[in-house]
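Asks: My questions concern the predicted model and sequence given below.
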Amino acid sequence: MGDVCEERSSVCVSGGRTRVLVVGGTGYVGKRIVRACLAEGHETYVLQRPEIGRHEIEKVQMLMSFKKLGAKLVEASFSDHRSLVSAVKLVDVVISAVSGVHFRSHSILLQLKLVDAIKEAGNVKRFLPSEYGMDPSRMGKALPPGRETFDEKMEVRRAIEAAGIPHTYVLGACLASYFAGSLSQLETLFPPKEKVTIYGDGNVKVVFVDEDDMARYIAKTVDDPRTVNKTVYVRPPDNVLTHMELVGIWEKLSGKELDKTHIHAHDFLSNMKHLDNKGQKAGIGFMFHLFYEGCLTNFHVGEDEEASSLYPDVKYTRMVDYLRMFL
């Protein structure tokens with residue numbers, strides 16, 4: 001393959017495997033990223049927080065399972081800057097999968113600390129911050145309170161770029177477990193049996209992706225020189241579907257037609273007025289941008305920026321196959 005370590009923005013893969021540190025590796029997406037990095041052949045490190053308590057036994061068991069698969073555990077704490085610096089000095093690439101808890105209480109603060117550690121360490125050749133969904137650079141007019149989430153992600157991006165840290169932003173799809181299995185209904189994770197709510201006319205294109213596929217694409221980008229300082233959108237063509245198409249797939253699989261109720265945008269947004277929970281209000285706003293505005297598909301993505309085009313060897317899961325598990 002040759003030496004691709006000519007500049008700091010290139011990941012060193014000559015003479016050895018790419019060394020990757022996953023931060024947030026016991027989380028919902030993080031655990032999949034760890035496994036995908038191992039499967040891709042990367043020398044995979046997982047951040048282990050010394051603060052893990054007895055009530056988090058499942059996280060400990062997960063960390064041990066990673067170790068059995070060949071990952072290396074690195075103890076570091078966000079409250080100990082020196083330990084973070086030491087951890088990132090071990091690797092070429094850092095991937096953040098820290099929890100996306102809303103409204104600054106968690107994700108942004110941890111990622112800004114991680115940026116500071118990467119900047120000081122000076123050896124990291126690629127950083128992938130926690131993104132994986134809607135593109136925050138296109139969400140400047142998003143509805144409050146959800147807009148805060150996008151503003152915070154942009155703050156992390158600005159810190160990364162101001163520090164001169166080579167980076168890749170991977171995003172652009174709705175995770176299937178939350179959006180496909182439920183046919184994008186708000187109060188369930190299973191396909192409805194009798195009735196389904198359709199957002200607007202149901203003809204706005206949305207992108208769906210299996211979480212394991214998202215992790216595979218993330219693992220592919222880390223040592224790819226084509227993705228340095230780029231945004232990579234996950235937009236598998238067979239999974240770009242309207243709400244009506246998604247529902248239609250399920251109806252064909254199940255052999256049963258659902259009773260459909262279309263909800264106008266104004267009526268959908270009026271639900272926000274009756275909610276006191278900030279996170280729930282943000283969720284309504286996100287659904288509006290996805291299913292009424294088409295924020296994942298209302299712009300062009302070139303082949304050199306789309307994950308399934310960059311990595312055709314990834315046989316991604318079509319939603320028709322994903323939904324079969326619910327039969």
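Replies: Done, it's in. Residues are numbered from 1 along each chain as shown.

Asks: list the helices and strands the helix or strand harbouring Val247 packs on?
Replies: Element membership of Val247, judged by DSSP states H and E, is helix 243-254. For helix 243-254, the elements it packs on are strand 195-199, strand 205-209, helix 319-323, judged by 3 or more CB pairs under 8 Å, 6 or more residues apart in numbering; DSSP states H and E. Glycine gets a C-beta too; all of them are placed from N, C-alpha and C.

Asks: redo that, cut-off 10 Å
Replies: strand 195-199, strand 205-209, strand 240-242, strand 259-263, helix 319-323 (3 or more CB pairs under 10 Å, 6 or more residues apart in numbering; DSSP states H and E).

Asks: Need the ones you listed in a markdown table (columns: mean pLDDT).
Replies: Below are those laid out as a markdown table (pLDDT from 0 to 100):
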| stretch | mean pLDDT |
| --- | --- |
| strand 195-199 | 98 |
| strand 205-209 | 98 |
| strand 240-242 | 98 |
| strand 259-263 | 98 |
| helix 319-323 | 98 |
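
Asks: and of these, who's closest to Lys72?
Replies: Counting by CB to CB, Lys72 lies closest to strand 205-209 out of the helices and strands packed on helix 243-254; the figure is 28.3 Å.

Asks: Give me the buried positions along the closest one.
Replies: 206-209 (16 or more other CB atoms under 10 Å).

Asks: what about the helices in the chain?
Replies: With DSSP state H as the criterion, the chain has helices at 30-39, 57-69, 81-88, 107-121, 147-162, 176-179, 211-221, 243-254, 265-270, 278-291, 307-310, 319-323.

Asks: Now do the same contact list for Asp313.
Replies: Residues near Asp313 by CB atoms under 10 Å, 6 or more residues apart in numbering: 216, 220.

Asks: Repeat that for Ser96.
Replies: With contact taken as CB under 10 Å, 6+ apart, Ser96 is in contact with 21-24, 30, 33, 47, 107, 110-111, 114-115, 118, 127-131, 156.

Asks: any idea of the pLDDT on the residue most central in space within the chain?
Replies: Most central in the chain under CA atoms, centre = their mean is Tyr132, positioned 2.5 Å from the mean C-alpha point. Reported pLDDT at Tyr132 in the predicted model: 92.

Asks: In contact with it, which residues?
Replies: By CB under 10 Å, 6+ apart, the neighbours of Tyr132 are 29, 33, 97, 100, 169-173, 175, 209, 211, 214-215, 217-218, 234.

Asks: Please report the distance of it from Asp201.
Replies: Tyr132 is 28 Å from Asp201, where distance means CB to CB, to the nearest Å.

Asks: Just the pLDDT at Asn277, thanks.
Replies: The model reports Asn277 with a pLDDT of 88.

Asks: Assess the claim that it and Gly283 are in contact.
Replies: Yes. Taking CB atoms under 10 Å as the definition, Asn277 is a contact partner of Gly283 at 9.0 Å.

Asks: Compare those two and say which is more crowded by neighbours.
Replies: Applying other CB atoms under 10 Å to Asn277 and Gly283 shows that Gly283 carries more neighbours, namely 16 against 8.

Asks: Output stretch 141-153 as CSV, nothing but the C-alphas.
Replies: The C-alpha trace of stretch 141-153 is given here as CSV (Å, rounded to 0.1, in the frame of the first residue of the first chain):
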residue,chain,number,x,y,z
LYS,A,141,-32.5,27.6,11.4
ALA,A,142,-33.6,24.5,13.4
LEU,A,143,-36.4,24.9,15.8
PRO,A,144,-35.6,25.5,19.5
PRO,A,145,-34.9,23.9,21.8
GLY,A,146,-33.3,21.3,19.6
ARG,A,147,-31.2,23.9,17.8
GLU,A,148,-29.0,24.0,20.9
THR,A,149,-27.8,20.5,20.0
PHE,A,150,-26.6,21.6,16.5
ASP,A,151,-25.1,24.8,17.9
GLU,A,152,-23.0,22.7,20.3
LYS,A,153,-21.8,20.3,17.6
